[in-house]
Structures are given as structure tokens and as C-alpha cells.
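Undergrad: model this:
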Amino acid sequence: MAESSSQEQMAQAYAAWSAEMLQPAEAKTSGKAFETLSGLPIEPLATPLDQSEAQYVERLGFPGQPPFTRGVQPTMYRGRLWTTRIFAGFGTAEETNQRYKYLLAEGNGGLSVAFDLPALYGYDPDHPMSAGEVGKCGVAVSSLADMEVLFDGIPLDQVSTSMTITSTAAIALAMYVAVAEKQGVKPEQLRGTVQNDILKEYIAQKEWIFPPRPSMRLVRDSIAYCAEQLPQWNAISISGYHIREAGATAIQELAFTLYDGLTYVQEMVEAGWDVDRFAPRLSFFFDVHSDFFEE
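TA: Below you'll find the predicted structure:
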């Protein structure tokens, strides 16, 4: 009863404010409708009338529990800080190795590898298709020796590494595991992520090598390998970022990305995997534009 009375008072106050102040102010403007970047209408004001107290637990809830609208961690990032990892890679493996050591010395908690286009497409640096692209948009890595130099002097049991690579992701990951073994680091100690999201390549980024079916088999097998051998490793980063940057709205980004994720899950389940065995290590990567409420 008290809630009903409070809502009635709020509704009356809102109606009075709207008539006395909002409508006259809006009459002086061009009458333009305000929308988010994705075309969703923006209301002039949020009030308790938008949601009753009875709906709080069902629709908002608390941090760390479904429906996760208040965040995925109980204390959010007071208790679990973001890992700072600056996307870096250029020129030779030696040059990028020096950059990584500098970033770690300056407080980065992890590394994020940018590979050049020949590495992303699986070409050697001396291949005609690599002309003008070696070390240009990332580091040139075409062999295990390159990967060893890239992480020389960097203890892989103490840092987490993200590798932005998809079509040749399985090869890059195999090289990384081999480097770790040479350091005496066991696979179960490795922490990090390999992008490995081939579906978003067909949708948006277009850096694919093989047709969809064999590509999906590679993704499936790498997820299975990580579930068995690399328990702390994210075998895939299901990426909405590239879809959004290719022109999708925020809603389309979510739709495509979540459906891509469901497709990978279905692929694994059809191969006989229990979803709880691999799903906890499926990671996501979304874009962030300037519209606070929409994001």
C-alpha cells in the first residue's frame, strides 16, 4: 500500500513537472527526437516510475548473480581489477619483445599481441602476397623461432597473453605452448586468450583462409584441446567489436555475436562435449561507443 501511495505521488509530481517545465522547454527547441546511435528513443528523464520496487530483484538483481544487469562480479572491479594489456606489435619479433618488456615494466599485467597481415593469413614474409605488409600492422611471426624471440625473457607462467589472430589461431597457440614448454612452463599454468572467432571473419573482418565447415572444425578442435590441456586459457574470444565497426548497430552487434557464441556451443555439443566442460572458457569482446546508456 505504501509503495502504491508513493508511486501515485511520484506520478502526480512528474505530471506537474512535465506540464509546467518540460513541455514549455521542449516547445522552444526544434522538436528533434533524441535517439541512441542505434535508433532507440531516449526518454527525457528516468524516474522510479519506470520500474516498480517489486520488479527490482527480477529485472535488476544484485551484482554477481543473474540477470547480471548490475555486473558479473559481486564487488565489480573493486575486488577484481581489469588487466591492463596494451595492444602492441610491430616490425620484427625482437623489436616487439623490447616493447613488451617496457610495457610490463610500466605496470601492464598482461600482453596483447598484434600480428601483421602475413601472419594472420599464414604467409611467410618472403611470399609475394606479403609484399609491403611485413611488420606493418603488427609483428611478423612466421615460425616457432619468431615466437621464441617474441617472448624471450618473459615468464609465461607470470603473465597472461591475448593473441588477436583467427584463421591461423591454432598454429599461433601451438607455437605459444611450445615456447612455454621450452621455458619449463606447463600448459595448465598458461593464462590468456586466442581470438579464434572465425564466424565474425565471414560477417565483418574478412580475414579468413578456409571455407566455413573446415574452419569451424579447427575452432572446435582448438576449444576441445584447451578444455583438456589449458584449463586457464580462453580458447576463443567471440567478437562483436569488428561487427560493430563494420556498420552494425549495438543491437545487431549483440545479436550476431551471441548467435555466433551459440553456434560454437552447438558445434561442441554435437561433437559429444558436455557444455559445462568448455563453456566457462568462452570469452566475449564487445565494442564501446559513446552512448553510455545504450552500451
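Undergrad: Only C-alpha atoms from now on, for both contacts and neighbour counts.
TA: Will do.
Undergrad: Endpoint to endpoint, stretch 87-97 covers what distance?
TA: Distance between the boundary residues of stretch 87-97 (CA to CA, to the nearest Å) amounts to 13 Å.
Undergrad: Buried ones in that stretch, by neighbour count?
TA: Within stretch 87-97, the residues that count as buried by 16 or more other CA atoms under 10 Å are 88-94, 96-97.
Undergrad: Now, those that are in strands?
TA: A88 (DSSP state E).
Undergrad: how about the buried residues of stretch 87-97 in TSV, adding pLDDT?
TA: Listed next are those as TSV, based on pLDDT from 0 to 100:
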residue	pLDDT
A88	96
G89	96
F90	94
G91	95
T92	97
A93	98
E94	98
T96	98
N97	98
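Undergrad: list the helices and strands the helix or strand where E26 lies packs on?
TA: Element membership for E26 (DSSP states H and E) is helix 23-27. In this structure, helix 23-27 makes packing contacts with no helix or strand, judged by 3 or more CA pairs under 8 Å, 6 or more residues apart in numbering; DSSP states H and E.
Undergrad: ok, back up a step: quick check: the farthest pair among the buried residues of stretch 87-97?
TA: Pairwise distances across the buried residues of stretch 87-97 peak at 12.9 Å for A88 and E94 (criterion: CA to CA).
Undergrad: So E43, which state does it fall into?
TA: When the structure is split into helix, strand and coil by DSSP: H, G, I helix; E, B strand; the rest coil, E43 lands in coil.
Undergrad: residue contacts, it?
TA: For E43, the set of contacting residues under the criterion of CA atoms under 8 Å, 6 or more residues apart in numbering consists of F34.
Undergrad: Could you report the distance from it to A88?
TA: 41 Å.
Undergrad: Could you measure from T83 over to N108?
TA: 7 Å.
Undergrad: Those two: who's more crowded?
TA: Each of T83 and N108 has its neighbours counted (other CA atoms under 10 Å); N108 has more, 16 against 12.
Undergrad: quick one, strands of the stretch 101-250 of the chain?
TA: Along the stretch 101-250 of the chain, the segments classed as strands by DSSP state E, counting those that start in this stretch run 110-114, 160-164, 191-194, 233-234, 236-239.
Undergrad: For the first one, which strands pair with it and how are they oriented?
TA: For strand 110-114, sheet partners with direction are given as strand 87-88 (parallel), strand 160-164 (parallel), following DSSP bridges.
Undergrad: isn't I243 right up against K200?
TA: Yes: using CA atoms under 8 Å, I243 is in contact with K200, at 6.8 Å.
Undergrad: what's the neighbour count on K32?
TA: Neighbour count for K32, taken as other CA under 10 Å: 7.
Undergrad: per-residue pLDDT, it?
TA: Each residue has a pLDDT score; the one for K32 is 75.
Undergrad: Repeat that for A2.
TA: According to the model's per-residue confidence, A2 sits at a pLDDT of 55.
Undergrad: that older thread, can you lay out the buried residues of stretch 87-97 as CSV showing distance to R281?
TA: Listed next are these as CSV, based on distance: CA to CA, whole Å:
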residue, distance to R281
A88, 24
G89, 25
F90, 29
G91, 31
T92, 31
A93, 29
E94, 31
T96, 28
N97, 27
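Undergrad: Mind jotting down where the helices sit in the stretch 101-250 of the chain?
TA: When assigned using DSSP state H, counting those that start in this stretch, the helices of the stretch 101-250 of the chain occupy the ranges 117-121, 144-150, 169-183, 198-200, 212-229, 241-245, 250-270.
Undergrad: Select, out of those helices, the one closest to E20.
TA: Between the helices of the stretch 101-250 of the chain, helix 250-270 lies closest to E20; by CA to CA that is 35.3 Å.
Undergrad: Give me the contacts around the closest one.
TA: Helix 250-270 is contacted by residues 37-38, 199-200, 220, 224, 238-241, 243-244, 274-275, 279, 294-295 when judged by CA under 8 Å, 6+ apart.
Undergrad: ok, now stretch 98-115?
TA: 83-90, 135, 137-141, 154, 159-165.
Undergrad: Quick one: end-to-end distance for it.
TA: The stretch stretch 98-115 measures 15 Å between its terminal residues, going by CA to CA.
Undergrad: Low-confidence regions, the protein specifically.
TA: 1-4, 31 (pLDDT under 70).
Undergrad: domain assignment for it?
TA: With the TED database serving as the domain definition, the record reports that the chain contains domains spanning 83-194, 197-294.
Undergrad: Quick one: end-to-end length of the longest one, please.
TA: In this case it means domain 83-194. According to CA to CA, domain 83-194 extends 16 Å from its N-terminal end residue to its C-terminal end residue.
Undergrad: same check, this time on stretch 165-173
TA: The first and final residues of stretch 165-173 sit 9 Å from each other (CA to CA).
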